[in-house]
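Peer 1: The sequence and its predicted three-dimensional model are supplied below.
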Amino acid sequence: QRGADGFNLFESLPGQLELFVDHVVPLLQDKGIFRREYPGATFRETLGLDKPVNRYTAARLARTAA
């Protein structure tokens, strides 16, 4: 009846994360709840965020262009 924005997982017992990834994630993917692929190569790209300007690179490029 309700939605969730995400899940926080932590491994309290050794091997439990692997069990979750190997058994639960495929079930969620089959139901279309968990993505199989992402639109970006990085988390920033997947969120659709612009790459921040590196002030040191920008300053160096400005000096070489002048």
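Peer 2: Looks like it arrived, so ask away.
Peer 1: So which elements touch the longest helix along the chain?
Peer 2: The longest helix of the chain (DSSP state H) is helix 55-65. Applying 3 or more C-beta pairs under 8 Å, 6 or more residues apart in numbering; DSSP states H and E, one finds that helix 55-65 contacts no other helix or strand. To be clear about C-beta, it is placed using only N, CA and C from the backbone, and glycine gets the same treatment.
Peer 1: Would you pull up how far that helix lies from the middle of the chain?
Peer 2: 30 Å (C-alpha atoms, centre = their mean, to the nearest Å).
Peer 1: With stretch 30-50 instead?
Peer 2: Worked out by C-alpha atoms, centre = their mean, stretch 30-50 lies 6 Å from the chain centre.
Peer 1: Over to stretch 46-61?
Peer 2: Worked out by C-alpha atoms, centre = their mean, stretch 46-61 lies 19 Å from the chain centre.
Peer 1: which residues sit against that stretch?
Peer 2: With contacts defined as C-beta atoms under 8 Å, 6 or more residues apart in numbering, stretch 46-61 is touched by Tyr38, Pro39, Gly40, Arg44.
Peer 1: Same question for stretch 18-31.
Peer 2: Here stretch 18-31 makes contact (C-beta under 8 Å, 6+ apart) with Leu9, Phe34, Arg35, Arg36.
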